[in-house]
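# Here is a sequence with its predicted model. Questions after.
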Amino acid sequence: MAQGKNAFIRYNVLDRCFRDRRKRYYMSDLVDACNEELYNYDGSSVSERQVRDDIHFMQREAGGAVPLETLRDGHKVYYRYSDPEFSIKNLPMSQHEVEMLTDTINMLSRFKGLPNHEWLNATLAQMKSTFNIDNAQQSYVSFSQNEDLKGLNFFTPLYEAIARHQVLALLYHKFASESWERIVHPYQLRQYNNRWFLVGMEKKVKDKLPLVVIPLDRIDDCKVQEATKFIPYEGDIDDNFKDIIGVSLRFHEPCQHIVFKAYPAIAPYIETKPIHHSQRIVERHEDYTIFSLDLVPNYEFESLMMTYADKCEILSPISLCEKLAEKAKNIIKFNCPK
């Protein structure tokens, strides 16, 4: 139903005016009412022409076919509904609106593990019942999600600890090793490559690692440390991830200017799906494209470049080229029979 920015706000204001039998709303009054509401909302305004266009749209079937009548008062005209019980709020949703709401519900349903998830489940069930939305209806938006990933059961307590500024004692393990306790001041939950990570500060390693990144699937237990005072993070957590790909932080390593050549089989893909926000095209040729990046090479970046290894050539720095070449040698060593 919406037509243009803030359309729903204008429609609701007009609907309220048209239902009001205590006052006669002339065009200037309708414009004033819309402008007052819009100013309080975001400081914007609307012209008389836009209000007239809104009225014409509301009278059309697509806009609800409102039963609007225009009544003369001398040389002036005022507007109201012929049916005082009518309101656009009572109109059934269009098929398009049902489809949009269905996908919104489906998107909300992806957030399993969030606090008050039981409330969310009840709300979604009520919305489906109220708007007669079929669970079997084809969704137009889909997300990749591994619901069997270990550690998701800790999402809620971690989220709550972040929101309440509580220090956590985490029982943590590396693969094929014994668990040990880590005291962490939690700051953020972060997702990468379909995995969830806790970003926080571990006081005993703070000088070396200002932030630690802990995969949720490595956590065995989680308890709040009520007696330990929470130390907030000063700054923007996201700033620490701007110069890397993924979540493997490299605090004491500088950005590198990386130049690589991509051949036609992969160049269009890299151009349309940039590796990093710093990506630039240096040269474009018929049989190859040269790209540049400015970032801190980490595990995720090296792994990504290895997937492009048969279609790309690292031009600089040489140290990165040598490191990826060593990885390639290991692939051959472990996977090719002698």
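All right, it came through fine. The model shown is predicted, which means the values in this text are computed figures rather than measured ones.

# For the rest of this, base every contact and every neighbour count on C-alpha atoms.
Fine.

# pLDDT below threshold where in the stretch 201-338 of the chain?
Within the stretch 201-338 of the chain, the ranges that satisfy pLDDT under 70 run 337-338.

# Can you list the residue ranges for strands in it?
212-215, 219-224, 256-262, 280-284, 289-295, 312-316 (DSSP state E, counting those that start in this stretch).

# element containing Val13?
Taking DSSP states H and E as the criterion, Val13 maps to helix 7-19.

# Any chance you could list what contacts that helix?
For helix 7-19, the surrounding residues in contact (CA atoms under 8 Å, 6 or more residues apart in numbering) are 2, 25, 30, 33-34, 37-38, 51, 54, 58, 68, 79-81, 84-88.

# tell me the mean pLDDT over the very next helix or strand once past that helix?
Sequence order places strand 25-26 as the next helix or strand after helix 7-19, per DSSP H and E. What strand 25-26 shows for mean pLDDT is 96.

# How far off centre is strand 25-26?
Computed by CA atoms, centre = their mean, to the nearest Å, the chain-centroid distance of strand 25-26 equals 43 Å.

# Distance-wise, check Asn90 relative to Ile55.
For Asn90, the distance to Ile55 equals 18 Å [CA to CA, to the nearest Å].

# Neighbour count: the two, which is higher?
Each of Asn90 and Ile55 has its neighbours counted (other CA atoms under 10 Å); Ile55 has more, 19 against 9.

# which SS class is that one?
helix (DSSP: H, G, I helix; E, B strand; the rest coil).

# Next, find the distance separating the residue of the chain positioned farthest from its centre from Tyr26.
Distance from the C-alpha centroid of the chain, by CA atoms, centre = their mean, peaks at Gly74 (54.8 Å). Gly74 is 12 Å from Tyr26, where distance means CA to CA.

# same thing with Ala163?
Where Tyr26 is concerned, Ala163 sits at a distance of 50 Å (CA to CA).

# same question, Ile162
Distance, Ile162 to Tyr26, using CA to CA: 53 Å.

# Same drill for those two, tell me which one is more crowded.
Higher neighbour count among Ile162 and Tyr26: Ile162, with 22 against 19, using other CA under 10 Å.

# which ones are touching that one?
Counting by CA under 8 Å, 6+ apart, Ile162 makes contact with Pro186, Tyr187, Gln188.

# Narrow the residues you listed to those in strands?
Judged by DSSP state E, the subset of the contacts of Ile162 located in strands is Pro186, Tyr187, Gln188.

# Tell me who's in contact with the second one.
Contacts for Tyr187 (CA under 8 Å, 6+ apart) come out as Ile162, Leu198, Val199, Gly200, Met201, Pro232, Tyr233, Ile237.

# about what we covered before: is it possible to export the contacts of Ile162 to CSV including distance to Leu209 and pLDDT?
Formatted as CSV, these follow (distance: CA to CA, whole Å; pLDDT from 0 to 100):
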residue, distance to Leu209, pLDDT
Pro186, 14, 96
Tyr187, 14, 96
Gln188, 16, 95
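
# Got a quick ChimeraX command for the buried subset of the contacts of Tyr187?
If you want just the buried ones from the contacts of Tyr187 in ChimeraX, going by 16 or more other CA atoms under 10 Å, the selection is:
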select :162,198,199,200,201
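
# Widest-spaced pair of the contacts of Tyr187?
Among the contacts of Tyr187, the pair separated by the greatest distance (CA to CA) is Leu198 and Pro232, at 14.8 Å.

# how about low-confidence regions in the stretch 51-200 of the chain?
Counting by pLDDT under 70, the stretch 51-200 of the chain has low-confidence residues at 93-98, 105-148.

# show me where it has strands.
With DSSP E, counting those that start in this stretch as the criterion, the stretch 51-200 of the chain has strands spanning 68-73, 76-81, 168-172, 180-192, 195-201.
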